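> Below are the sequence and a predicted model for it; my questions follow.
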Amino acid sequence: MERLTRGEPIGAGMQKRVFVAAENPKKVIAESRDGKDLTQEQIKATYYLNKISHLLFPKNIPAVSQAFNDVNKSYLQMDRAQPDEAHVKANKYIAGIGEHGEFWETNQYLMENEKDPEIKQFVKTAKEKGIFMDIGSGQNFARDPEGNLLYLDISPAWEYIEGKIFYWFDDVLLKQTIEALPEADKSKALNYFERLLALKPKDYNVN
Ligand SMILES: Nc1ncnc2c1ncn2[C@@H]1O[C@H](COP(=O)(O)OP(=O)(O)O)[C@@H](O)[C@H]1O
Ligand SMILES: [Mg+2]
């Protein structure tokens, strides 16, 4: 599959910087920040976890098409969503690529997102299904032109923090969710799930 390259920057958080793909404006590339690169297992597992979350929430979570490590950075390539104007503006400000003077506007936007009942409900539903989401101080959510909630952050399948492992999914809940899917989705999701589990580190089981 073709590997796309970085074009115009559109956002950045604590973990990644995000660019429109130079060759295809319908795709984005997320590049890990310095020191935030993932292991080979993490990047593959992140890909499979996102495949599952996209199957569960096709309108809310953009599909990932590639995930790979290159020199010191990790890359994820995914469909470009169409976040609303307020989200785009706030994210440009956060990433340092916007105009000056939008601090209060950005703050207001983030605070509203943090309180948004639809966002809270979505995070809760996803958690019950076995997928954990990062509300990211309100930064990770947006709405598309049809009014669908967008979750614009691919969390790694797990993270290592001070010698401990933190999973962004729950095996048992996710398996139950997948078992309840209609047949076609179920077989796809089970395939991703088995690959995801096979990548889980054997020497860690704390959460
Ligand atoms: N698929 C996407 N389509 C459009 N914009 C995106 C997409 N993914 C991320 N972004 C933008 O980039 C920002 C930062 O990306 P994110 O993955 O949240 O980085 P981090 O993990 O560092 O928080 C998002 O808040 C969003 O504005
Ligand atoms: Mg984010």
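Looks like it came in fine. Ligands and ions are numbered 1, 2, ... in the order given.
> The strand of greatest length in the chain and ligand 2, are they touching?
Taking DSSP state E as the criterion, the chain has its longest strand at strand 24-32. No: contact between strand 24-32 and ligand 2 is absent, the nearest approach being 9.3 Å (criterion: C-beta under 5 Å from the ion). Any C-beta I mention is one placed from the backbone N, CA and C, and that applies to glycine too.
> Pull out the buried residues from that strand.
27-32 (16 or more other C-beta atoms under 10 Å).
> Report how many residues lie close to residue 137.
14 (other C-beta atoms under 10 Å).
> Pull the contacting residues for it.
Going by C-beta atoms under 8 Å, 6 or more residues apart in numbering, residue 137 touches 110, 114.
> and it, how far is that from residue 202?
34 Å (C-beta to C-beta, to the nearest Å).
> got the contact list for residue 77?
3-4, 21, 27-30, 64-67.
> out of those residues, who's nearest ligand 2?
The shortest approach to ligand 2 among the contacts of residue 77 belongs to residue 30, at 9.3 Å (C-beta to the ion).
> quick check, the one helix or strand residue 88 maps to touching ligand 1?
Residue 88 is part of helix 85-95, with elements assigned from DSSP states H and E. Yes: Helix 85-95 reaches ligand 1 (C-beta under 6 Å from any ligand atom) through residue 91.
> pLDDT value on residue 179, please?
Looking at residue 179, its pLDDT reads 98.
> cool, the one 4 residues further on as well?
Model confidence at residue 183, expressed as pLDDT, equals 96.
> Residue 97 now?
Reading off the model, residue 97 has pLDDT 78.
> these two touch, right, it and residue 9?
Yes: counting by C-beta atoms under 8 Å, residue 97 does reach residue 9; the two are 5.3 Å apart.
> give me every residue that touches the residue in the chain that ligand 2 sits nearest to.
Proximity of the chain to ligand 2 (C-beta to the ion) peaks at residue 13, 3.3 Å away. The contact partners of residue 13, by C-beta under 8 Å, 6+ apart, come to 94, 136, 139-140, 153.
> Okay, and which of those residues map to helices?
The helices, defined by DSSP state H, take in residue 94 from these.
> okay, the contacts of residue 13 in a markdown table with pLDDT, distance to residue 118 and neighbour count next?
Putting the contacts of residue 13 into a markdown table (pLDDT from 0 to 100; distance: C-beta to C-beta, whole Å; neighbours: other C-beta atoms under 10 Å) gives the following:
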| residue | pLDDT | distance to residue 118 | neighbour count |
| --- | --- | --- | --- |
| 94 | 89 | 22 | 19 |
| 136 | 75 | 16 | 19 |
| 139 | 91 | 16 | 24 |
| 140 | 95 | 14 | 22 |
| 153 | 93 | 17 | 19 |
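> Check the contacts of residue 13 one by one and keep those near ligand 2.
136, 140, 153.
> now the last one, nearest residue through space, not along the chain?
In other words, residue 153. residue 140 (4.0 Å; C-beta to C-beta, 6 or more residues apart in numbering).
> Any figure for the gap between the closest residue to ligand 1 within the chain and residue 30?
At 1.9 Å from ligand 1, residue 13 is the closest residue in the chain, using C-beta to the nearest ligand atom. With distances taken as C-beta to C-beta, residue 13 is found 9 Å from residue 30.
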